[in-house]
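Participant: how would this look folded up:
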Amino acid sequence: MSAGRVRFALARSDAGAWGSDNPEPGLLTTATVWRSTDIDASGAWIDGSEPAERYLTPHDARGSALSCGDVLVTKASGSPRHIGKAALVDSCREGHGFSNFMQRLTVVPGQSPAYLWHLLNSLVARAHYAQFATTTTGLKNLNGGLIGGVPLPVASGLHQTAIANFLDRECALIDRLVDEFARTRELTQDWLRSRIVEVLDTFNGDVPFGRYATLHRGFDLPAEDRFAGDVVVVGSGGQTGLHNVPAAPGPAVVTGRYGSIGVVTWSEAPCWPLNTTLWVSDFKQSDPRFVYWALQGLPLRQEASKAAIPGLHRADIHRLPLGSFTVTEQRAIVKSLDALARETQGVRDELEHQQSLLAEYRDALITEAVTGQLDVSSLSESQMIESLDAVREGEPPEVLAR
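Facilitator: Numbering: from 1, shown residues only. Next up is the predicted model:
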């Protein structure tokens, strides 16, 4: 049985308030306000996120105070991936405010807030937004009317609660696996870095990095001065765009000076390193690829944290110690570390693939459950475990419709 649309299950649908950074006439009430950036793309609250401290009018502070069980939907964002994500307000956020980029939904008695939360994070809601949202900016922002028009497939509050309890349990299991894969990916990267440090003898070495290479600051290149081309523009975190002429010859090694400190970029071809980076202007007869690995093994983040103004200075990097290696030894190190990097990347790619499979399964499971296609009352724990195992093997899970 269908209740029609989400709007018929709501007691309230309203926007939040953002207020001001500073007290102004009429803005005398301090409020803690939650933002869409405190919610991840799946609709979960981000661990460690803190609300913003804002000044609101007393009316806005009272009107935007959250209650446990409210559902917050992101109406506008700089990323289309985040528009439409929904979060369920828990007791930790009760009484706080929410920003004007979000819509609060409160269900009528007898309807399940958790079911609504799952529904609004399902493919049902995403398809509705994609079909009916309009845009003049390229981003399909939402409004209360559009959100209220999302189809509501299940009318019974008891049935909604059963579906929500099932999805809470199964999604928590899937999310734990996804988190484990994410942690394992991080550990593989940490392991690679520990091997780099060990091979390059960065703790016990007595040869300063400046003996192997010279670093210089990158070059300014405002967006209005860039022209279409195939030359990679490198920022502190890697490639940031393209330009028509290079500023550094290839192969080039670039590392972040500010921002993403510790990220090292290799460019086989000539490139344009931005002024937020340091680039190797002289390899001093060292193997360029060895210099790339050497920078990854140096404690660049720790060095940057010592400065009064956080950032890397080339003179400080030039002083950092490495082991003593001939060019022949450098090439042997490059061969070894390149092989380890390929092996590590293969493991990381497989873990990322597993995460993608689980995310797709999670989306499909939520969608089939909230629409009633999946009879959650008939599914046993062993069936769900077998389906999860099938997903991890890349096979279709038995519990989902074919």
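Participant: burial check on the closest residue to residue 379 other than its chain neighbours, number of neighbours?
Facilitator: Distances taken as CB to CB, 6 or more residues apart in numbering put residue 399 closest to residue 379, at 6.0 Å, once the chain neighbours are dropped. In short, each C-beta sits where N, CA and C put it, glycine included. Using other CB atoms under 10 Å, residue 399 has 23 neighbouring residues.
Participant: which of the three states applies to residue 399?
Facilitator: Under the three-state scheme (DSSP: H, G, I helix; E, B strand; the rest coil), residue 399 adopts coil.
Participant: for the helix or strand harbouring residue 355, name the packing helices and strands.
Facilitator: Element membership of residue 355 [criterion: DSSP states H and E] is helix 327-370. Secondary-structure packing of helix 327-370 (3 or more CB pairs under 8 Å, 6 or more residues apart in numbering; DSSP states H and E): helix 113-120, helix 123-132, helix 157-200, helix 288-297, helix 381-392.
Participant: now it, how far from the centre of its chain.
Facilitator: 16 Å (CA atoms, centre = their mean, to the nearest Å).
Participant: what sits against the residue nearest to residue 379?
Facilitator: Neighbouring residues of residue 399 by CB atoms under 8 Å, 6 or more residues apart in numbering: 365, 374, 379, 383, 384, 387.
Participant: mind checking how far it is from residue 328?
Facilitator: 59 Å (CB to CB, to the nearest Å).
Participant: next up, the contacts around residue 273.
Facilitator: 218, 219, 234, 247, 248, 252, 254, 279.
Participant: bridge partners for it, pull those for me.
Facilitator: residue 234 (DSSP bridges).
Participant: save the contacts of residue 273 as JSON lines, and put in secondary structure and distance to residue 63 too.
Facilitator: Listed next are the contacts of residue 273 as JSON lines, based on DSSP: H, G, I helix; E, B strand; the rest coil; distance: CB to CB, whole Å:
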{"residue": "218", "secondary structure": "coil", "distance to residue 63": "49"}
{"residue": "219", "secondary structure": "strand", "distance to residue 63": "51"}
{"residue": "234", "secondary structure": "strand", "distance to residue 63": "48"}
{"residue": "247", "secondary structure": "coil", "distance to residue 63": "54"}
{"residue": "248", "secondary structure": "strand", "distance to residue 63": "55"}
{"residue": "252", "secondary structure": "strand", "distance to residue 63": "55"}
{"residue": "254", "secondary structure": "strand", "distance to residue 63": "50"}
{"residue": "279", "secondary structure": "strand", "distance to residue 63": "53"}
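Participant: and the helices and strands packed on helix 327-370, which is most packed in?
Facilitator: helix 113-120 (a mean of 25; mean count of other CB atoms under 10 Å).
Participant: determine how far it lies from the middle of the whole chain.
Facilitator: 23 Å.
Participant: let's number from 55 now, not from 1
Facilitator: Happy to do that; since the first residue is 55 now, the last one works out to helix 167-174.
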